[in-house]
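Visitor: this is the structure alone, sequence omitted:
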């Protein structure tokens, strides 16, 4: 069984996720937002080779360690096609808010809605869930019953829409799609905070819209 290891990084407590395959040989990192040394230590502890780095969206607190990790692992960086420009612009990705110098991340590959990507030996479907940002995504594996939700859905909350590129109407539709189309027992691994389930978050649309 593939293992998911949450690694809390950066000043905003972003959840970076290390996925490790059942043999412990290959892995992937989701949202390396900061603290590349901490993520590197977790990779070394599990002894796996990282071949993919996936960014759920382009905000600085989710991409900040991507370049350093890419250099260390030789893995490719993936982001949704509608989000690549944000990650590559220090003003759009808000890194200027964190560091006056800012930083920019150039993705190696872009993803599309419905695309299947293999992470740590498991196939995850890319779900385009705009609203927090234009190209935000979730990663879904039906067999595992896992949804890695980035900043679309949290335990008891949802992604904010008052930052550049945010759109409340889009976020509503994205959340509605997740809550209606995916099984209620799907376990949600969000970009901040603890895990939850879609069943536990059934009321988010009524609470926030």
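Guide: Received it, and whenever you're ready, just let me know what you need. This structure is a prediction, so every number in the text was calculated from the model and none was measured.

Visitor: lowest-pLDDT helix or strand in the protein?
Guide: Least confident helix or strand, the chain: helix 95-98 with a mean of 85, by mean pLDDT, DSSP states H and E.

Visitor: can you tell me what sits against that one?
Guide: By C-beta atoms under 8 Å, 6 or more residues apart in numbering, the residues outside helix 95-98 that reach it are 11, 60-61, 64, 90, 102-104. Every C-beta, even on glycine, is put in place using the N, C-alpha and C of the backbone.

Visitor: next secondary structure element downstream of it?
Guide: Following helix 95-98 in sequence order, the next helix or strand is strand 109-111 (DSSP states H and E).

Visitor: packing partners of that following strand?
Guide: Identification of packing neighbours for strand 109-111 by 3 or more C-beta pairs under 8 Å, 6 or more residues apart in numbering; DSSP states H and E yields strand 76-80.

Visitor: what mean pLDDT does the strand it packs on get?
Guide: Across strand 76-80, pLDDT averages out at 98.

Visitor: buried residues in that strand?
Guide: Neighbour-count burial for strand 76-80 flags 77-80 (criterion: 16 or more other C-beta atoms under 10 Å).

Visitor: just give me the closest of these to residue 206.
Guide: Using C-beta to C-beta, residue 80 comes nearest to residue 206 of these, at 27.9 Å.

Visitor: that closest one reaches residue 114, doesn't it?
Guide: No. Using C-beta atoms under 8 Å, residue 80 and residue 114 do not qualify as a contacting pair, with a distance of 11.4 Å.

Visitor: hang on, the earlier thing: okay if I get the buried residues of strand 76-80 as TSV plus distance to residue 200?
Guide: Output for the buried residues of strand 76-80, formatted as TSV (distance: C-beta to C-beta, whole Å):
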residue	distance to residue 200
77	32
78	29
79	28
80	26
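
Visitor: out of those, who's nearest residue 71?
Guide: residue 77 (10.8 Å).

Visitor: and the closest one, what are its bridge partners?
Guide: In this structure, residue 77 has beta-bridge partners residue 53, where bridges are defined by DSSP bridges.
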